[in-house]
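Visitor: this one's structure only:
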């Protein structure tokens, strides 16, 4: 929710700023006319806020993770063509890295032994953390529409991604303070086999991942003149997945809110 508020504030600021720029340059070469040139090329770079949908289930303990969040980077190149009636069509190819972290706490009953040999069944608080990392290449086909002016446009598209790397690290951490005070007044130390309060339960490729990812995107952009016939464009996109990341977790997918900067120029 905080990221969405920032996006709204940034968008409002850019709209007012760019409106002032164009109101002073309506008759200049930097107007809507350059967008009617037939062919455009460009590059883009940005970051994403990622949000988990559904439930991720791990293999080692069948733990269930929900409400994960993370960030990522996107970069690539684009090509688009003006086809009339304030409409452009285009495509892009690029690389994306997405991360996602989800966690939960639980108490487990552990047998702790005092120095005099007495055993106590003790509820110990643990924290489970799942860190998911995804790297993919993607192709995107889209359409852009300028409904009101030469400044603001809306876009929609279809993405096909090839997920060439998907990994998970599931860690477990003891949250109780050491040494732990037992009911008889004696102390006990709670550690994993690695003599630490934190251990890795599972680490490696995400099991049964789905390499092909199908997504749709909707968004908006604001064209800012950056030299004659060149535009620097902030773009906001929301990415909606159409399939899941892994068949082991049938409801697990990743939605993204992206902020990109495009540099476009005629070709």
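Guide: All right, it came through fine. Everything quoted here is computed from the prediction, not taken from an experiment.
Visitor: mind listing the helices for the stretch 1-150 of the chain?
Guide: Ranges of helices in the stretch 1-150 of the chain, per DSSP state H, counting those that start in this stretch, are 2-23.
Visitor: Break down it into its strands, ranges please.
Guide: For the stretch 1-150 of the chain, the strands defined by DSSP state E, counting those that start in this stretch cover 39-53, 56-57, 64-65, 69-84, 87-113, 119-145.
Visitor: Please convert these to CSV, extending it with mean neighbour count.
Guide: C-beta: built from backbone N, CA, C; applies to glycine. Listed next are the strands of the stretch 1-150 of the chain as CSV, based on neighbours: other Cβ atoms under 10 Å:
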stretch, mean neighbour count
strand 39-53, 18
strand 56-57, 22
strand 64-65, 19
strand 69-84, 16
strand 87-113, 16
strand 119-145, 17
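Visitor: can you tell which of the ones you listed is closest to residue 249?
Guide: strand 56-57 (4.8 Å; Cβ to Cβ).
Visitor: how far away is the nearest residue to residue 107 once chain neighbours are set aside from residue 96?
Guide: Distances taken as Cβ to Cβ, 6 or more residues apart in numbering put residue 123 closest to residue 107, at 4.4 Å, once the chain neighbours are dropped. Using Cβ to Cβ, to the nearest Å, we find residue 123 at a distance of 42 Å from residue 96.
Visitor: Over to residue 206?
Guide: 16 Å.
Visitor: Output the lowest mean pLDDT helix or strand found in this structure.
Guide: Lowest on mean pLDDT, DSSP states H and E among the helices and strands of the chain sits helix 2-23, with a mean of 45.
Visitor: what's the distance between the residue nearest to residue 107 and residue 61?
Guide: Note on residue 123: its distance to residue 61, by Cβ to Cβ, is 18 Å.
Visitor: do residue 68 as well
Guide: From residue 68 to residue 61 the distance is 17 Å (Cβ to Cβ).
Visitor: residue contacts, residue 267?
Guide: Residues in contact with residue 267 (Cβ atoms under 8 Å, 6 or more residues apart in numbering) are 39-41, 79.
Visitor: what do you get if the cut-off is 7 Å, keeping everything else the same?
Guide: Listed by Cβ atoms under 7 Å, 6 or more residues apart in numbering, the contact set of residue 267 reads 39-41.
Visitor: One more: residue 264?
Guide: Taking Cβ under 7 Å, 6+ apart, one finds 40, 42, 230-231, 233 in contact with residue 264.
Visitor: which residues does the closest residue to it other than its chain neighbours contact?
Guide: In this structure, residue 264 finds its nearest non-sequential neighbour in residue 42, 3.8 Å apart by Cβ to Cβ, 6+ apart. By Cβ under 7 Å, 6+ apart, residue 42 lies in contact with 78, 262-265.
Visitor: Looking at those, which is nearest residue 244?
Guide: The closest of the contacts of residue 42 to residue 244 turns out to be residue 78 (Cβ to Cβ; 27.8 Å).
Visitor: What does the pLDDT read for that closest one?
Guide: Listed pLDDT for residue 78 reads 97.
Visitor: Give the bridge partners for the closest residue to it other than its chain neighbours, please.
Guide: Excluding its sequence neighbours, the residue lying closest to residue 78 (Cβ to Cβ, 6+ apart) is residue 92, at 3.9 Å. With DSSP bridges applied, residue 92 shows beta-bridge pairing to residue 78, residue 140.
Visitor: For the chain, give me the ranges with low pLDDT.
Guide: 1-37 (pLDDT under 70).
Visitor: Go through the contacts of residue 267 and say which is closest to residue 224.
Guide: Within the contacts of residue 267, distances to residue 224 taken as Cβ to Cβ reach their minimum at residue 40, with 15.0 Å.
Visitor: wait, the closest one sits on residue 80?
Guide: Yes - counting by Cβ atoms under 7 Å, residue 80 is a contact partner of residue 40 at 4.8 Å.
Visitor: what do the two both touch?
Guide: With Cβ under 7 Å, 6+ apart, residue 40 and residue 80 have no common neighbours.
Visitor: what about the residue nearest to residue 78, distance to residue 152?
Guide: Per Cβ to Cβ, residue 92 is found 20 Å from residue 152.
Visitor: Kind regards, and thank you for your time.
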